[in-house]
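K.L.:
sequence-free structure coming up:
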Ligand SMILES: [Zn+2]
């Protein structure tokens, strides 16, 4: 059965409960990851998922709360895969190819690691004991910068992208919609409420939306541009007529139950579908 795993449900502010963004969809027995924020690899393991089981990754944008565990995921996947892992496909806005190359390419900042593991007899022995066959190959992935409006086709689903409004022109931001025969799931990435993301999300089963904080507070302190709060997320969900709004990317204040209770009342006036404040390591089935 198709499923959603919320791995990272926080912001750049580390708290005991939340830190950074990452979501995995299990669709038709394939695992697709969206963003790779702090400790994603370890959170995957906590959900019983091996890095080698995730064969595609989509970045919404390249802020560290969405990509800082990328080198860890790449190296761990390559190391544990012992040469038998499928080639990882990585998509994202501008910089995705460059960052991938600069991390694990022949001159990448982590090349010292894989070069030592490829060449040292101890690492070669460990590799063989994991079932690897010498000579050991360097990590190799497929990475691609994609544009708003593009579609990536897979055997049993497709992933559409549209531009979100976040911190342009410094970083581009993409929202994604995965459609399979049975399900449609949107991952907004970081964005303010905008027409493109509403259109992308039209009648989706689930919209996983960022929710920085209670909207009233965000409006008061001027943090309401370039990102969604409670009411912004509810407005997008309502306009897009989605069935279920799952809130993630939540800061320390909206993590409090009292704030969530107040926000929920206000959101329900705007959006009549199901609303869930997600926690890290939550998982739920798609119908
Ligand atoms: Zn973010």
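P.N.:
All right, it came through fine. Owing to the predicted nature of the structure, the values given are computational and were not obtained by experimental measurement.
K.L.:
Give me the neighbour count for residue 224.
P.N.:
Using other CB atoms under 10 Å, residue 224 has 20 other residues around it. Yep, even glycine has a C-beta here, placed from its N, CA and C like the rest.
K.L.:
For it, which non-adjacent residue is spatially closest?
P.N.:
Closest residue in space to residue 224, ignoring its immediate chain neighbours: residue 218 at 4.4 Å, by CB to CB, 6 or more residues apart in numbering.
K.L.:
which ones are touching the one you found?
P.N.:
Contacts for residue 218 (CB atoms under 8 Å, 6 or more residues apart in numbering) come out as 212, 224, 227, 229.
K.L.:
where does it land in three-state SS?
P.N.:
With DSSP: H, G, I helix; E, B strand; the rest coil as the basis, residue 218 sits in helix.
K.L.:
Can you give me the distance of it to residue 275?
P.N.:
18 Å (CB to CB, to the nearest Å).
K.L.:
if you go through this protein in chain order, where are the strands?
P.N.:
Listed in chain order, the strands of the chain (DSSP state E) span 3-9, 21-27, 30-34, 54-58, 89-92, 142-145, 151-153, 157-163, 174-180, 184-187, 206-210, 244-248, 274-277, 283-285.
K.L.:
Ranking by neighbours, what's the top pick from the contacts of residue 218?
P.N.:
Tallying neighbours with other CB under 10 Å puts residue 229 at the head of these, with 26 neighbours.
K.L.:
hang on, isn't it packed against residue 220?
P.N.:
No - proximity of residue 229 to residue 220 does not meet the contact threshold set by CB atoms under 8 Å, at 10.9 Å.
K.L.:
near the ion, which residues of the stretch 51-200 of the chain?
P.N.:
65, 190 (CB under 5 Å from the ion).
K.L.:
sorry, back to before: least confident of the contacts of residue 218?
P.N.:
Ranked by pLDDT, the contacts of residue 218 bottom out at residue 224, which scores 91.
K.L.:
quick one: contacts for that one?
P.N.:
Per CB under 8 Å, 6+ apart, neighbours of residue 224: 192, 215, 218, 232.
K.L.:
Can you tell me how far the first one is from residue 226?
P.N.:
In other words, residue 192. Here residue 192 is placed at a distance of 5 Å from residue 226 (CB to CB).
K.L.:
So which of those two has more stuff around it?
P.N.:
Using other CB under 10 Å as the criterion, residue 192 and residue 226 rank with residue 192 on top: 18 against 15.
K.L.:
hey, what's that one bridged with?
P.N.:
The partner list for residue 192 in beta bridges (DSSP bridges) reads residue 165.
K.L.:
check contacts around it.
P.N.:
164, 165, 166, 224, 225, 226, 227, 228, 232 are the contacts of residue 192 under CB under 8 Å, 6+ apart.
K.L.:
So for the first one, what's the nearest residue that isn't a sequence neighbour?
P.N.:
Think residue 164. Using CB to CB, 6+ apart and skipping residues adjacent in sequence, the residue nearest residue 164 is residue 191, 2.9 Å away.
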